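Asker: The sequence and its predicted three-dimensional model are supplied below.
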Amino acid sequence: MEKCSVPLNPPVSAIGPFYLCAIVRDEEEGLAEWIAYHHLIGIDHFVIYDNGSADGTTTLLDRFAAAGIVTRIDWPDRPPPQWLTYGGMLRLLDAVPDPRTASWGSLGALGPQISAYNDALSRFGDRAAWMLFIDADEFLLLPEDGHLTRFLDRFPRPDIGAIGLHWRYFGSAGQLEPDGRLVVERFTRCAEAAFPGHAHIKTLARPVALDRMAVHAGLLRPGYSYVNDCGTAFTPRHLAFNDPISHRYSQLNHYSVKSRAEFERKRAKGNATLGSRHPEGAIEAEYFKRQDLNDVEDRRLAMWTATVRDHAARLLSGPR
């Protein structure tokens, strides 16, 4: 872990609103918890791309839309004339001449996730002070601050364009099936903090600074820089990684497998980055063994259980 260099109480406060962008498919189980939690920590509005959900996801998102905090956008897979590797997708993304005016819905070769992220920048980038790009199996823990406003107070410099948030892998804790409890309540075993896979980052960015967005990181406009949660500048390696790993002021809890049954359902949905019909889009069975990491306990998000459950119920209590 590196030593942090950002002062605890810089004089300039961040300005809202805060947006979250994600793409989902068949995430009904756990989605209300995920939205309620991130709303509690400061997300004002969620832009959710619905990638062909066939369970109750669409109905649930529309209920949150009725509460005024979600915009749901239908975003089905659009198989291209020629499938690209992920590297090919990044090269195509880099070649788009004007990201803010591009027709992202027609760029099926980019895959549903990259095209959705950039569509969100085009549609909502001028409304948001900051935009968080994460998946529905990732929960942002702010251990010192508890709220995005206080967290972003640590980054007052206007040249900071994006913050790289390091993963923390959480395992199944031996669970075979969901049991009605919340994700943050059920899964409290995770990898050691120094596990090399935690070099993966996701991005919280100022849309004004972000030229275009890949899955984990984006390309910034001139004059802006990426920093980690301690304010140390870096350039994302392969648009996905940063070393050294820092969980000092943020930790992105990644519940990538959950229980064995939930993992099998995840495998059946396919890969949102490449697209569910991509010939290389299958999630292999060995993924569970690699990601099922339960070395140490971290219960910090479990302490939010009652508050999240109550907040989700309040948000969903409006007219259907």
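Answerer: Noted; the coordinates are in hand.
Asker: Of all the residues in stretch 64-72, which ones are buried?
Answerer: By 16 or more other Cβ atoms under 10 Å, the buried positions in stretch 64-72 come out as 64, 69-72. C-beta coordinates here come from the backbone N, C-alpha and C atoms, glycine included.
Asker: what distance separates that stretch from the middle of the whole chain?
Answerer: Centroid separation between stretch 64-72 and its chain, computed with Cα atoms, centre = their mean, to the nearest Å, is 18 Å.
Asker: Other residues contacting it?
Answerer: 32, 35, 39, 44-48, 50, 58, 61-62, 124, 315-316, 318-320 (Cβ atoms under 8 Å, 6 or more residues apart in numbering).
Asker: Can you list which of the residues you listed are found in strands?
Answerer: 45-48, 50 (DSSP state E).
Asker: Can I have the buried ones of those residues as a ChimeraX selection?
Answerer: To isolate the buried members of the ones in strands among the contacts of stretch 64-72 in ChimeraX, using 16+ other Cβ under 10 Å:
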select :45,46,47,48,50
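Asker: in the ones in strands among the contacts of stretch 64-72, which two residues are the furthest apart from each other?
Answerer: His45 and Asp50 (15.9 Å; Cβ to Cβ).
Asker: ok, of the buried residues of stretch 64-72, which one's closest to Arg260?
Answerer: Using Cβ to Cβ, the buried residues of stretch 64-72 come closest to Arg260 at Phe64, 28.8 Å.
Asker: In the protein, which strand is the longest?
Answerer: Looking across the chain with DSSP E, the single longest strand is strand 160-169.
Asker: what's that strand packed up against?
Answerer: strand 138-141, strand 201-205, strand 218-220, strand 225-227, strand 251-254 (3 or more Cβ pairs under 8 Å, 6 or more residues apart in numbering; DSSP states H and E).
Asker: For Arg72, give me the backbone phi and psi.
Answerer: phi -100, psi 130 (degrees, to the nearest 10).
Asker: now the strands for the chain?
Answerer: 18-24, 45-50, 70-74, 130-133, 138-141, 160-169, 189-190, 201-205, 210-213, 218-220, 225-227, 233-234, 251-254, 296-297.
Asker: Of all those strands, which one comes closest to Ala272?
Answerer: Counting by Cβ to Cβ, Ala272 lies closest to strand 18-24 out of these; the figure is 5.3 Å.
Asker: Can you list the strands that that closest one pairs with?
Answerer: Each strand paired with strand 18-24, and its direction, by DSSP bridges: strand 45-50 (parallel), strand 130-133 (parallel).
Asker: Not counting sequence-adjacent ones, nearest residue to Leu107?
Answerer: Excluding the flanking residues, the one nearest Leu107 by Cβ to Cβ, 6 or more residues apart in numbering is Ser115, at 5.2 Å.
Asker: And the one you found, how close does it get to Ala193?
Answerer: For Ser115, the distance to Ala193 equals 34 Å [Cβ to Cβ, to the nearest Å].
Asker: Asp126 now?
Answerer: In terms of Cβ to Cβ, Asp126 sits 38 Å off from Ala193.
Asker: neighbour count winner among those two?
Answerer: For the pair Asp126 and Ala193, the greater number of neighbours falls to Ala193 (16 against 10), based on other Cβ atoms under 10 Å.
Asker: Now that we have the buried residues of stretch 64-72, can you turn them into JSON lines and tack on distance to Arg206 and pLDDT?
Answerer: As requested, the buried residues of stretch 64-72 are arranged in JSON lines below (distance: Cβ to Cβ, whole Å; pLDDT from 0 to 100):
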{"residue": "Phe64", "distance to Arg206": "25", "pLDDT": "97"}
{"residue": "Ile69", "distance to Arg206": "21", "pLDDT": "96"}
{"residue": "Val70", "distance to Arg206": "22", "pLDDT": "97"}
{"residue": "Thr71", "distance to Arg206": "20", "pLDDT": "97"}
{"residue": "Arg72", "distance to Arg206": "24", "pLDDT": "98"}
